[in-house]
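# build me a structure from this.
(chains A and B)
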There are 2 protein chains.
Amino acid sequence: VANQRYKCTVAYDGSKYHGFQLQLNAFTIQEALEKALSKMHKKPMKITGSGRTDAGVHAKGQVFHFDSELKIEPHRWTKALNAILNRDIRILETIKVEPDFHARFDVLKKEYRYFIQTCAIEDPFRHLYAYHVPQTLNLTAMQEATQLFLGEHDFTAFSSLKTTVKEKVRIIHHFEMIPSDHEIMVICEGNGFLYNMVRIMVGTLIDIGQGKKDAKQVQQAFIKKDRNLAGKTAPAHGLVLWKVTYEE
Amino acid sequence: VANQRYKCTVAYDGSKYHGFQLQLNAFTIQEALEKALSKMHKKPMKITGSGRTDAGVHAKGQVFHFDSELKIEPHRWTKALNAILNRDIRILETIKVEPDFHARFDVLKKEYRYFIQTCAIEDPFRHLYAYHVPQTLNLTAMQEATQLFLGEHDFTAFSSLKTTVKEKVRIIHHFEMIPSDHEIMVICEGNGFLYNMVRIMVGTLIDIGQGKKDAKQVQQAFIKKDRNLAGKTAPAHGLVLWKVTYEE
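The predicted model follows:
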């Protein structure tokens, strides 16, 4: 029987999972999804995600693909998988794609959002979804600093030392802060992201907002490619993989 | 040493607690608060809440009082307690009150809010905070039905059969539905509420929205004082104790 390839968009509250990617001794989003598909197929099934997300990181629009010989209409896949999955993981859409579509290799751009709670007393309903920074932040300095990250750069200084990929040049299309009464939403879109890259970019912005770093140090970090010149890594729970875009 | 009475306003994500009130074999909000106070006082401490909330029910503005001989300024109480408490419980405000203030007996009115998710696929970030009803609801019928609850009524039919209080007449000042794209927010304000009363009122509204009940049956439920004529009990996790008001 010929296999059909399907592309799924999935949202998840990552609080209770050890990240997206399969791990030996910890429950992950990928494992939950593969278990659900395996149950439907009565055999072990594998999926391919657009990329990993760390433990505690959330997603509004993560994407994965899988191949199946089952003749099921796309919207029925969505329903069937949601009936099996825990309620903190929801398939939002399933569509048929060509057999050469690849959820990781074909990514055109990714959008992440990071949420910072700025109120003096943390909102207990946001404690799993936004990083609480009760100190006053210099928003103007932060807004200005976002410009330093735009365009093509070698992001070695803004990635975890654990990064294994060698090519560290990435393009940031969009990096913006949208402050509201109690929270700052940071939007970051690029053609790809290194390990911990968004969290270090946001952590550096926060350091700038607190007067611990300035624009010159960011420029030096880019030039020297030195992780120690960049800011701290903002915690995982404020981060949401918002959207993954593919070529039409 | 003379005791000072303090009034605290507290917000909590009730997801991981077995309700507000102390229980023998389950961890509750009251126990968490009393433990924090006991730690500060180095002796067992008791608090008095405005009333209980069920397991899974949340609060934006629950109120309790306690007495202490410690000479600590009100805003310092807030900070000190928040430093001890888990992040899903936050003291929002502490003020000094007269020794005859009573968090339960002096309640003038309470406001609850209930959140209903109406999108086809549940938002995984709201699954602990809103009840998912994917079926189409007749909002006009629900809006009209809210009127039937306003004013003074015997709410026997709209309370749990486990209710122990004898006086079941309550006044509802305000009962309103505010629909948005993905959720309906139900606001309910009254001079007091019986056990499960808001959840049964909202459950009845939903039954009406789904065409399972109509206005006449609500009127009959009031007249006959029969729990079976009212609607189902909406689940706890959609409910938030929003505000408790006292006489100035």
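# near chain B, which residues of chain A show up?
Counting by Cβ under 8 Å from any Cβ of the partner chain, the residues of chain A lying close to chain B are A:11-13, A:58, A:78, A:82, A:87-92, A:121-125, A:127, A:129. In short, each C-beta sits where N, CA and C put it, glycine included.
# now, the residues you listed that are in strands?
Among these, the members found in strands (DSSP state E) are A:Ala11, A:Tyr12, A:His58, A:Ile89, A:Arg90, A:Ile91, A:Leu92.
# contacting residues for the third one?
Meaning A:His58. Going by Cβ atoms under 8 Å, 6 or more residues apart in numbering or on different chains, A:His58 touches A:Tyr12, A:Asp13, A:Gly14, A:Ser15, A:Tyr129, A:His237, A:Leu239, A:Val240, A:Leu241, B:Phe125.
# do you know how far the last one is from A:His237?
In other words, B:Phe125. Here the criterion is Cβ to Cβ, to the nearest Å. By it, B:Phe125 lies 12 Å from A:His237.
# which residues do those two both contact?
With Cβ under 8 Å, 6+ apart as the test, B:Phe125 and A:His237 both reach A:His58, A:Tyr129.
# secondary structure class of A:Gln217, three-state.
Following DSSP: H, G, I helix; E, B strand; the rest coil, the label given to A:Gln217 is helix.
# excluding its backbone neighbours, what's nearest it?
In this structure, A:Gln217 finds its nearest non-sequential neighbour in A:Leu229, 5.9 Å apart by Cβ to Cβ, 6 or more residues apart in numbering or on different chains.
# can you get me a residue count around the one you found?
Other residues lying near A:Leu229 total 18 when counted by other Cβ atoms under 10 Å in any protein chain shown.
# contacting residues around it?
Contacts of A:Leu229 by Cβ under 8 Å, 6+ apart are A:Ala157, A:Gln217, A:Gln220, A:Ala221.
# what's the farthest-apart pair in the residues you listed?
Spatial extent of the contacts of A:Leu229 (Cβ to Cβ) is set by the pair A:Ala157 and A:Gln217 at 10.1 Å.
# neighbour-wise, which of these two wins?
Neighbours were tallied for A:Ala157 and for A:Gln217 using other Cβ under 10 Å; the higher tally belongs to A:Ala157 (22 against 17).
# for A:Ala141, which non-adjacent residue is spatially closest?
Leaving aside its sequence neighbours, A:Ala141 sits nearest to A:Ile208 (Cβ to Cβ, 6+ apart; 5.3 Å).
# could you give the mean pLDDT of the helix or strand that contains that neighbour?
Secondary structure assigned from DSSP states H and E places A:Ile208 in helix A:197-209. For helix A:197-209, the mean pLDDT works out to 98.
# ok, residues contacting it?
By Cβ under 8 Å, 6+ apart, the residues outside helix A:197-209 that reach it are A:54, A:112, A:114, A:116, A:133, A:137-139, A:141-142, A:145-146, A:149, A:155, A:158-160, A:170, A:175, A:177, A:186, A:188, A:213-215, A:218, A:221, A:227, A:230-236, A:238-239.
# repeat for stretch A:120-131
A:13, A:15, A:58, A:114-117, A:132, A:134, A:182-183, A:234-235, A:237-238, A:240, B:11-13, B:58, B:78, B:82, B:87-92, B:125, B:129.
# before we move on, the earlier item: could you dump the contacts of A:Leu229 to a markdown table with distance to A:Arg199, pLDDT and secondary structure?
Below are these laid out as a markdown table (distance: Cβ to Cβ, whole Å; pLDDT from 0 to 100; DSSP: H, G, I helix; E, B strand; the rest coil):
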| residue | distance to A:Arg199 | pLDDT | secondary structure |
| --- | --- | --- | --- |
| A:Ala157 | 14 | 96 | helix |
| A:Gln217 | 18 | 94 | helix |
| A:Gln220 | 20 | 96 | helix |
| A:Ala221 | 15 | 96 | helix |
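# pull out the buried residues from stretch A:156-168.
Buried residues in stretch A:156-168, counting neighbours by 16 or more other Cβ atoms under 10 Å in any protein chain shown, are found at A:Thr156, A:Ala157, A:Phe158, A:Ser159, A:Lys168.
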